[in-house]
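[1] how does the following fold in three dimensions:
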Amino acid sequence: MHREHRYDVVVVGARAAGAATAMLLARAGLDVLVVDRSRYGADTLSTHALMRGGVIQLHRWGLLDRIVAAGTPPVRRTTFRYAAEEITIAIRPSHGIDALYAPRRTVLDPILVDAAVDAGVDVRYGITVSNVRRDRTGRVTGIVGRDHAGRGVAVDARLVIGADGIRSVVADRVDAPIEHQGTGATAVVYGYWSGVPVDGYEWIFRTDAAAGLIPTNEGLTCVFAGASPRRVGRGVRAILEEVLRDASPDAADRVAAGAGPAGLRTFIGRPGHLRRAWGPGWALVGDAGYWKDPISAHGLTDALRDADLLARAVVAAAADPTDEAEALAEYQAVRDRLSLPLFAVVDTIAGQRWSDDEIGGLLLQLSAAMADEVDAIAALDPVPVR
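    Predicted coordinates for the structure are as follows:
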């Protein structure tokens, strides 16, 4: 890669948060490069589930029809099971949507990348970023790394955005401090079953035994089980069956009657964090800046939310560079205001610091935090388009 010109923005990471941010910036007229060490359409660890806020964003960006056209089943009800309770909530039409969706990442990520390319983004795969570039004042001015053939890569940009996940190289190289640290962590085992009857999202909570069923593409159901890292460490398939049976015998019977996958995927657990989201010449989005336990099934929704919030700030700063610090500080302030109530509840649930009598109240708190987030997202004006 030759440094023919300086980009307005270089985004490190072409997953949901990075591709969405790049798309919005390019639609607003900025010159954007996205680099990613993986390949187009590659799968990744994910709960897949989009909550209302995430679906609203896809609808607003004109991409929801592509999700539907890919055969992603609509989710019109959510069922919660805990202790002796079973509560089903219908997904009512509001803000232009009448269903939720849980696309495979092999569906969602390419749709977002294609939309970014359509908007004019330069997307390059097979590039591993190793560090950031800085000027004499310490401001970040670009990235360095290597391509798939081992050749050196150097890119100059007015702003570097780290969208490279929970182990973000960008966050590490700019020394972005963790400002809010969680303590709870759930280890998760999941796979894709066929022939499992499921009606919408199913979330199941028992003491040290959470599980869920999520309908996704190709007639498959993502089945997951979560427990303490110590418990899950005893064996993958056995622990999934054990946790699922402990959490919901009915769900366990339906899964047992279906056709299971050849293999399962495991996430060993990691406490949540909110990092400082910006500094001179850099910003973070998605899991790079804000990571919460997957028991929330809310990571994708917040990734799309923060892509929108960050894009607004960057567009404002591009119009008047003297306002960059103010605009990026406002991005972080809104992100934190919307994130912290949910973050605290999720950390309590992930840390198993609850009883069967308490989980219902925690889920109500979670629902209230999500509702506040939806209201805030729906009230935003669209990111400017040129």
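[2] any idea how far the residue lying closest to residue 246 once chain neighbours are set aside is from residue 356?
    Spatial nearest neighbour of residue 246, chain neighbours left out: residue 209 (3.9 Å); criterion: CB to CB, 6 or more residues apart in numbering. In short, each C-beta sits where N, CA and C put it, glycine included. Per CB to CB, to the nearest Å, residue 209 is found 11 Å from residue 356.
[3] so the closest residue to residue 162 other than its chain neighbours is in which element?
    In space, and not counting its chain neighbours, residue 162 is closest to residue 170: 2.8 Å by CB to CB, 6+ apart. Here residue 170, judged by DSSP states H and E, is contained in helix 169-173.
[4] centroid-nearest residue for this protein?
    residue 300 (2.9 Å; CA atoms, centre = their mean).
[5] pretty sure that residue belongs to a helix, no?
    Yes. Counting by DSSP: H, G, I helix; E, B strand; the rest coil, residue 300 is found in a helix.
[6] which residues does it contact?
    Shown in contact with residue 300 (CB atoms under 8 Å, 6 or more residues apart in numbering): 16, 46-50, 54, 108.
[7] from residue 287, how far off is it?
    Counting by CB to CB, the gap from residue 300 to residue 287 is 10 Å.
[8] any weak-confidence spans in the protein?
    By pLDDT under 70, the low-scoring segments of the chain are 1-4, 233-236.
[9] domain map for it?
    The record's domain parsing of the chain by automatic domain parsing lists 7-70+102-183+271-379, 187-267.
[10] the top helix by length along the chain: which residues count as buried?
    Using DSSP state H to define each element, the chain has its longest helix at helix 324-350. Neighbour-count burial for helix 324-350, counted by 16 or more other CB atoms under 10 Å, picks out 324, 327-328, 330-332, 334-335, 338-339, 341-350.
[11] tell me which strands and helices it is in contact with?
    Counting contacts by 3 or more CB pairs under 8 Å, 6 or more residues apart in numbering; DSSP states H and E, helix 324-350 packs against strand 178-181, strand 273-275, strand 278-279, strand 290-291, helix 299-319, helix 356-379.
[12] from the contact counts, what lies against the strand ranked longest in the chain?
    With secondary structure taken from DSSP state E, the chain has its longest strand at strand 152-162. Under the contact definition 3+ CB pairs under 8 Å, 6+ apart, strand 152-162 sits against strand 7-12, strand 32-36, strand 128-134, strand 140-146, helix 169-173, strand 282-284, helix 299-319.
[13] how about these, which one is nearest residue 79?
    helix 299-319 (18.9 Å; CB to CB).
[14] next, the angle from the closest one to helix 324-350.
    Here the directions of helix 299-319 and helix 324-350 differ by 170 degrees (axes from the mean of the first three to the mean of the last three CA atoms, to 10 degrees).
[15] what segments of the stretch 51-200 of the chain are strands?
    77-82, 85-90, 122-125, 128-134, 140-146, 152-162, 178-181, 187-194 (DSSP state E, counting those that start in this stretch).
[16] can you redo the ones you listed as CSV with distance to residue 374?
    Shown next, in CSV, are the strands of the stretch 51-200 of the chain (distance: least, CB to CB, whole Å):
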stretch, distance to residue 374
strand 77-82, 14
strand 85-90, 14
strand 122-125, 30
strand 128-134, 34
strand 140-146, 33
strand 152-162, 25
strand 178-181, 22
strand 187-194, 25
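[17] alright, I will stop here.
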